[in-house]
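> My questions concern the predicted model and sequence given below.
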Amino acid sequence: MEKVLYEYTEEFSYYLIFLIAPVAGTAFLIYSIHLFRRKKKGFVNALFKITGPIVFLAAVTIFVNAVYTYHTLLCSHTRQMIDNGEYETVEGYVENFYYSSRFSHQNGPEHFEVNGVYFEYDGSIGSDGYNKTVTHGGVVRKDGQYLKIRYIPDLQTGQNKIVYISEIPQENDLVQNKDRIRPKG
């Protein structure tokens, strides 16, 4: 029985990065309103009173444009390709699995192969497709896992964007599991 471990979704957490601009703009606006109410004179106070609303509007505009651009260019395109079946599928054992431990001095992206198809990801926020490393709860954990992976090849970067992962137990896995749960008699 195939067990789905990952399926592509447009994650909201990516949008949190874009919240920095409106939060900073709102803080700037609140401070400028505070200065306006104090009715103090001076160049710096006048500057904040004038630029506060402008910075706030600019920050909100940047936020809206960034979210819209990210969603339409990246996520919508990926979702459309999945819905149209424009992906490749590979099935087999994980080989050459490499991960960088949090405590290791070796750095680099996590990567592995399945039937000669190479996959690489680094766990960065904002990247599209599967990107969860084993040290952050990722589902690809070791050599020898038997996985079915759907991916979209990116011809520009040469990377394969993972959009689906399922684990398929093999006969020898089932036999080992039966031996473990068999009562002693």
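Ah, there it is.
> other SSEs contacting the lengthiest strand in the chain?
Identified as the longest strand of the chain according to DSSP state E is strand 88-98. With contacts defined as 3 or more C-beta pairs under 8 Å, 6 or more residues apart in numbering; DSSP states H and E, the packing partners of strand 88-98 are strand 110-114, strand 146-153. Heads up, the C-betas are built off the backbone N, CA and C, glycines and all.
> Tell me the buried residues in it?
Across strand 88-98, burial judged by 16 or more other C-beta atoms under 10 Å covers 90, 92, 94, 97.
> Check stretch 146-158 too.
Buried, per 16+ other C-beta under 10 Å, within stretch 146-158: 146-152.
> Then stretch 54-62?
55-56, 59.
> Quick one: the residues you listed as TSV, columns for secondary structure, distance to residue 159 and pLDDT too.
Below are the buried residues of stretch 54-62 laid out as TSV (DSSP: H, G, I helix; E, B strand; the rest coil; distance: C-beta to C-beta, whole Å; pLDDT from 0 to 100):
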residue	secondary structure	distance to residue 159	pLDDT
55	helix	37	73
56	helix	38	73
59	helix	33	74
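> any low-confidence regions in the chain?
Scanning the chain for pLDDT under 70 picks out 11-22, 25, 32-40, 44-49, 52, 70-74, 101-107, 124-127, 172-185.
> Okay, and the beta partners of residue 153?
Taking DSSP bridges as the rule, residue 153 bridges to residue 160.
> and residue 2, how many residues sit next to it?
Counted by other C-beta atoms under 10 Å, the residues lying close to residue 2 total 9.
> Pop out the phi and psi values for it.
phi -70, psi 130 (degrees, to the nearest 10).
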